[in-house]
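Asks: Model the following, please.
(one chain, ligands or ions: 1)
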Amino acid sequence: MTFSDISDELVGEKGDWEIPGSEDTLSFSGTFLAFSSSRKMIHDSRAHPGGTEKNPIPIMGHDGKPIRCSACRWSEFRLFKEDEKGIGARWPYIIHFTGMSIVPGEHTRFRIVDILTAREVIENLTTRRGGSAYLSVPAARLLAQAAEIDNGPLKEAYDARRVP
Ligand SMILES: [Zn+2]
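Replies: Alright, predicted model coming up:
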């Protein structure tokens, strides 16, 4: 099984997992609670004026940043709960973030966050911008899936969340 196989079809499975981090690979035993992705299959026409043949890479917007195209760059979220008695077990919840890019010259980035409590899982997935706090669509979907399987603390935390 390669890392990209750890997606929708394996949600709910228990097993031994190997996930890539920013430097090392993390191995552990546990349950795969959720997967979500912001990937779009169709390129954003504003990012590729005249089409992807004419502008294969998303052009810069007025803010000096590339215009978002979720077919070129997207995020993937994976949430696990480690078996408490596994060797080297530390924090039960593990969120794995992937920053995917198919733009030439850009690399896929990975980040792993170990989390102790269900409420902190929600906190970690919450986006704060200006005075507002919200869950992005893929973050909310990740939590909703996980709450279905982790029927204890995570479901409670999800149901009690204050973020709309
Ligand atoms: Zn694109």
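
Asks: The helix ranked longest in the chain packs against which elements?
Replies: Counting residues, the longest helix found in the chain (DSSP state H) is helix 137-149. Contacts defined by 3 or more C-beta pairs under 8 Å, 6 or more residues apart in numbering; DSSP states H and E place helix 137-149 against strand 25-37, strand 73-82, helix 118-125, helix 153-159. (Glycine included, C-beta is placed from N, CA and C.)

Asks: Just the angle for it relative to strand 25-37, thanks.
Replies: 110 degrees (axes from the mean of the first three to the mean of the last three C-alpha atoms, to 10 degrees).

Asks: Which residues does helix 137-149 contact?
Replies: If you take C-beta atoms under 8 Å, 6 or more residues apart in numbering as the criterion, helix 137-149 is touched by 11-12, 31, 33-38, 75, 77, 79, 121-122, 125-127, 135, 154-155, 158-159, 161.

Asks: Give me the angle between it and helix 118-125.
Replies: Going by the same axes, to 10 degrees, helix 137-149 makes 160 degrees with helix 118-125.

Asks: State the mean pLDDT of helix 137-149.
Replies: On average, the pLDDT along helix 137-149 is 92.

Asks: Okay, buried residues for that helix please.
Replies: 138-143, 145-147, 149 (16 or more other C-beta atoms under 10 Å).

Asks: before we move on, back to that, just the buried residues of the contacts of helix 137-149.
Replies: 11, 31, 33-38, 75, 77, 79, 121-122, 125-126, 135, 154-155, 158, 161.

Asks: and the spatially most central residue of the chain, what are its bridge partners?
Replies: Note on the chain: the residue nearest the mean C-alpha position is Phe77, at 1.5 Å, using C-alpha atoms, centre = their mean. Note on Phe77: beta-bridge partners Ser36, Phe97, judged by DSSP bridges.

Asks: which ones are touching it?
Replies: 34-37, 95-98, 125, 138-139, 142.

Asks: Apply 7 Å and report the result again.
Replies: Residues in contact with Phe77 (C-beta atoms under 7 Å, 6 or more residues apart in numbering) are 36, 95, 97, 138-139, 142.

Asks: which one of those residues is nearest the ion?
Replies: Pro138 (17.5 Å; C-beta to the ion).

Asks: quick one, what contacts the closest residue to that closest one other than its chain neighbours?
Replies: Closest residue to Pro138 apart from its sequence neighbours, by C-beta to C-beta, 6 or more residues apart in numbering: Ser36 at 4.1 Å. Neighbouring residues of Ser36 by C-beta under 7 Å, 6+ apart: 77, 138, 141-142.
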